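Engineer: Show me how the following folds:
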Amino acid sequence: MYIGITAEWNPFHNGHYYMINKIKEQFPDTPIIAIMSGSFVQRGEPALFDKWTRAQWAIQHGIDAVIELPVLCTIQSADKFAEAAVFLLHSLGCTHIAFGTESFSISDLEKIVQWTLNPFFDELFHQFLNEGNTYSISIDKAISIKFPQWDKELTKPNNLLGLRYIQTARKNNWPLSFISIKRDKNHPASATIARQELCTKGSYELLPPNIINDITTLIQEGHIISYHRYEDACLLSSRIFTKSDLKRSCLFSEGLENRWYDKLQKDSWPNILHDIKNKRYLYSRLKRISAALLIAGTRVPSPFSQLHLPGYARLLALRQESSYILKKAQIPIITRLAKDYKDLNKANQLMLDLDVRATDIQCYCFKNNIFRQSRIDFYHSPLLIK
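Structural biologist: The predicted structure is shown next:
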């Protein structure tokens, strides 16, 4: 039995630690493999701290191995993000996937998944989509037709992500079992609030003690993202594109590229996104588009315009005594980027190229210029931790 989880740990907080402990209580001798977003996270911006630091925190708190989810899979809608993560965990030999939920049991989620695989569900979904609803709202509405009693629960992010994990496995007939861990309501740690407080106050209470010490040092050293630098990079990047380039990137639909191009005369990136946003195009989607334009550059069509599943697993950190778990992998394990890169096909080489570029951009956005080196992916080995 091998348990896999998907995470971002942006940053690692007490809620994450609680979930890992609950898994270990139920399955004390079972190794846990984590798929983690790397230098960028799914919401379409750089992670607050570098990927090796975040992976190290996870190993210190009970994870056995941390594998990077390529940025080409990370900067995607939640359903595609989930598909890539589940595929990678399956390819690594995991038999079970664990995730946190606000309320749903696995039985509840399995019932909903069976409904989403019904052709009538698909008709309802496209009907709501054509009415001008966002993708996620259309999904919620189509599910609520069958399960009105769960209408409010479907809007909760962990419930929805768990649903997508199971849906991916069932669509592909992967023999995976699932474990749900109810969130700790007595200590409701939030990564969003943690980021806000760390950026404004320099502290957040609901972090494990050793991580509080690490983060205090990282903030003092300036080894933390400056969102202002990132926003300026996005503004410059988008202004380089012509309207034709934006259209040929295939990242836009329904003429959104025209609205995007017309708003670029604004003085700041937040103001531009504010003016582009509407009921159909939420901040999350706009931020993923801006991240894709910045990372992929002027490549057209953008490699981010469709999901590419990874054909390798890049190791970020490993508990030294747990190295045996990597032998279950059905795909190559990348440990030495420069050497292993040569053995990959062009599609996977591009995937790694984009990870290198994403890390370069994250480094460029750190507050202290001593951490703004480029191409550190090539000389940063996986962390082996006892």
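Engineer: I'd assumed Lys51 was in contact with Asp355.
Structural biologist: No - counting by C-beta atoms under 8 Å, Asp355 does not reach Lys51; the two are 9.3 Å apart. No exception for glycine: its C-beta is placed from N, CA and C like everyone else's.
Engineer: Identify the contacts common to these two.
Structural biologist: In the contact map built from C-beta atoms under 8 Å, 6 or more residues apart in numbering, the residues linked to both Asp355 and Lys51 are Gly38, Ser39, Glu68.
Engineer: who touches the helix or strand of the chain with the lowest mean pLDDT?
Structural biologist: Every helix and strand in the chain was compared by mean pLDDT, DSSP states H and E; the lowest is helix 135-146, with a mean of 87. Outside helix 135-146, the residues within contact range by C-beta under 8 Å, 6+ apart are 77-79, 112, 115-116, 121, 124-126, 128-129, 133, 150-151, 154-155, 160.
Engineer: In this protein, mark out all the strands, start to finish.
Structural biologist: Secondary structure of the chain (DSSP state E): strands located at 3-7, 32-37, 40-41, 45-46, 65-69, 96-101, 177-182, 313-319, 333-334, 383-385.
Engineer: Determine which stretch of those strands is the most buried.
Structural biologist: Most buried of the strands of the chain by mean neighbour count (mean count of other C-beta atoms under 10 Å) is strand 65-69; its value is a mean of 29.
Engineer: What strands flank it, and is each parallel or antiparallel?
Structural biologist: Looking at strand 65-69 with DSSP bridges, its partner strands are strand 32-37 (parallel), strand 313-319 (antiparallel).
Engineer: mind giving me JSON lines with those and columns for mean pLDDT and distance to Cys234?
Structural biologist: Rendered in JSON lines, the data for the strands paired with strand 65-69 read as follows (pLDDT from 0 to 100; distance: least, C-beta to C-beta, whole Å):
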{"stretch": "strand 32-37", "mean pLDDT": "98", "distance to Cys234": "18"}
{"stretch": "strand 313-319", "mean pLDDT": "98", "distance to Cys234": "25"}
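Engineer: Quick one, which of the ones you listed gets closest to Gln196.
Structural biologist: Closest to Gln196 of the strands paired with strand 65-69 is strand 32-37 (C-beta to C-beta; 18.8 Å).
Engineer: tilt between that closest one and strand 96-101?
Structural biologist: Compare the direction of strand 32-37 with that of strand 96-101 by axes from the mean of the first three to the mean of the last three C-alpha atoms, to 10 degrees and you get 60 degrees.
Engineer: Show me which positions of the least confident helix or strand of the chain end up buried.
Structural biologist: Judged by neighbour count (16 or more other C-beta atoms under 10 Å), helix 135-146 contains these buried residues: Tyr135, Ser136, Ile137, Ser138, Ile139, Asp140, Lys141, Ala142, Ile143, Ser144, Lys146.
Engineer: gap between Glu131 and Trp150?
Structural biologist: Summarising the geometry, the distance separating Glu131 from Trp150, computed by C-beta to C-beta, to the nearest Å, is 21 Å.
Engineer: meant to ask about Thr217, not that
Structural biologist: The value you get for Thr217 to Trp150, if C-beta to C-beta is used, is 44 Å.
Engineer: do the same with Glu197
Structural biologist: Between Glu197 and Trp150 the computed distance is 32 Å (C-beta to C-beta).
Engineer: Comparing the two, which shows the higher neighbour count?
Structural biologist: Set side by side, Glu197 and Trp150 show more neighbours around Trp150, with 18 against 15, by other C-beta atoms under 10 Å.
Engineer: show me the contacts for that one.
Structural biologist: Applying C-beta under 8 Å, 6+ apart, one finds that Trp150 lies in contact with Phe104, Asp108, Ile112, Ile143, Ser144.
Engineer: what's the closest of these to Ile325?
Structural biologist: Ile325 lies nearest to Phe104 out of these, by C-beta to C-beta, at 28.5 Å.
Engineer: got a list of what the closest one touches?
Structural biologist: Contacts of Phe104 were listed using C-beta under 8 Å, 6+ apart, and they are Trp150, Glu153, Asn159, Gly162, Leu163, Ser180.
Engineer: Over to Ala98?
Structural biologist: Shown in contact with Ala98 (C-beta under 8 Å, 6+ apart): Ile3, Gly4, Ile5, Met19, Ile23, Ile32, Phe178, Ile179, Ser180, Ile181.
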